[in-house]
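Student: the sequence and its predicted three-dimensional model are supplied below.
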Amino acid sequence: MKISEPLVSKPLVCEKVWGDENLNRIFSSQNKQKIGEAWLFSFYPGMSNELYGLSTFRVYGKSDEVLRDEISDFPLLLKLISCSEWLSVQVHPDDSIARELENYERGKTECWYFLKNGGQAMIGKDNSAIAKAVGNENWEDVLEKKSFNFQDILYLPAGTVHTMGPGSMLLEIQQSSDITYRLYDWGRDRPVHKEKGLKVLSSIRAGYVISRNSQAFESPFFRFRKIKDQLCEGFGVYVNLDSYKTIVLPRDVSYYFEGEYIEYKK
């Protein structure tokens, strides 16, 4: 049995200490706390989106065999992020270290597609220098601040220390993993993970890619492109750049997308 129609993914919203009210407004949320992330498409354990048929409105549950066969092996996770404060200075493991430290099959390489002007990030270039900053907290000397505008892309392989700054709003595509090691959190009362973070810093060489005013990007883990008024075929995940409605095309399913979307594929 195969799924024969496009599916709509119901977003999962997450409150964050660094969130702002943009996502509360977009998703008409009554949450008193500011939302920082909306998980637009995920099969991560405990954070799977509900999917329903675009034409039949049938709800596809996580236990549906047809859903598992058609979609659940998709190794990527897609978020909409908006922030009013700096996120923690953080680093993610690669697949090897994730298996060693967390007994999980995937690390977290990610990519940011900025949705408006005025985005900010700080990125580490030298992991040996950053390891010293973990101890002395002299972060200004080891992080390089970057500014981003609409349609800029920042690719962050696992092992690259980074943080996102106030005023940033973006789509994040990443490996299906939620492993984050905080190295520094600006005095907020949240746990940091220095020992595990140092393991990553000593094991992986840092690096990143910035692509300005870009329409597409490709990496070993995922690829995406901006489309407009186009017929597409599965398998892929598509996000409308106006409403952020997220549509999943199962294998062998076609759909004509009216308007501007970002198409994500493995």
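Tutor: Perfect, I can see it now. Just so it is clear, the structure is predicted and the values come from calculations on it, not from any experiment.

Student: so what's the spatially most central residue of the chain up against?
Tutor: Among the residues of the chain, the smallest C-alpha distance to the mean C-alpha position (CA atoms, centre = their mean) belongs to Glu172, namely 3.1 Å. Glu172 is in contact with Leu78, Lys79, Leu80, Ile81, Glu110, Cys111, Trp112, Tyr113, counting by CB atoms under 8 Å, 6 or more residues apart in numbering. The C-beta positions use only the backbone N, C-alpha and C, and glycine is treated the same way.

Student: tell me the pLDDT at the fifth one?
Tutor: Put plainly, it is Glu110. Glu110 is assigned a pLDDT of 98 by the prediction.

Student: tell me what it is bridged to.
Tutor: With DSSP bridges as the criterion, the beta-bridge partners of Glu110 are Leu156, Gln174.

Student: any low-confidence regions in the stretch 1-150 of the chain?
Tutor: Along the stretch 1-150 of the chain, segments meeting pLDDT under 70 span 1, 62-63, 72.

Student: can you give me the strands in it?
Tutor: Using DSSP state E, counting those that start in this stretch, the strands of the stretch 1-150 of the chain run over residues 7-9, 12-20, 35-41, 43-44, 47-48, 51-53, 59-60, 76-82, 89-91, 110-114, 119-124, 143-148.

Student: contacts for the longest one?
Tutor: I take that to be strand 12-20. By CB under 8 Å, 6+ apart, the list of residues contacting strand 12-20 from outside reads 23, 27, 29, 31, 33-39, 42, 47, 49, 82-87, 188, 190.

Student: got the CA positions of that strand in PDB?
Tutor: What follows is strand 12-20 as a C-alpha-only set of coordinates in PDB (Å, rounded to 0.1, in the frame of the first residue of the first chain):
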ATOM      1  CA  LEU A  12       4.900  21.500  16.900                       C
ATOM      2  CA  VAL A  13       5.700  24.800  18.800                       C
ATOM      3  CA  CYS A  14       8.400  25.000  21.500                       C
ATOM      4  CA  GLU A  15       8.800  27.800  24.100                       C
ATOM      5  CA  LYS A  16      12.300  29.000  24.500                       C
ATOM      6  CA  VAL A  17      13.900  31.500  26.900                       C
ATOM      7  CA  TRP A  18      15.400  33.300  23.800                       C
ATOM      8  CA  GLY A  19      12.200  33.200  21.800                       C
ATOM      9  CA  ASP A  20      10.200  36.200  20.600                       C
END
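
Student: may I see the buried residues of it?
Tutor: Neighbour-count burial for strand 12-20 flags Leu12, Val13, Cys14, Lys16, Val17, Trp18, Gly19, Asp20 (criterion: 16 or more other CB atoms under 10 Å).

Student: export those residues to JSON lines and tack on distance to Lys196?
Tutor: Listed next are the buried residues of strand 12-20 as JSON lines, based on distance: CB to CB, whole Å:
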{"residue": "Leu12", "distance to Lys196": "26"}
{"residue": "Val13", "distance to Lys196": "28"}
{"residue": "Cys14", "distance to Lys196": "22"}
{"residue": "Lys16", "distance to Lys196": "21"}
{"residue": "Val17", "distance to Lys196": "21"}
{"residue": "Trp18", "distance to Lys196": "21"}
{"residue": "Gly19", "distance to Lys196": "25"}
{"residue": "Asp20", "distance to Lys196": "29"}
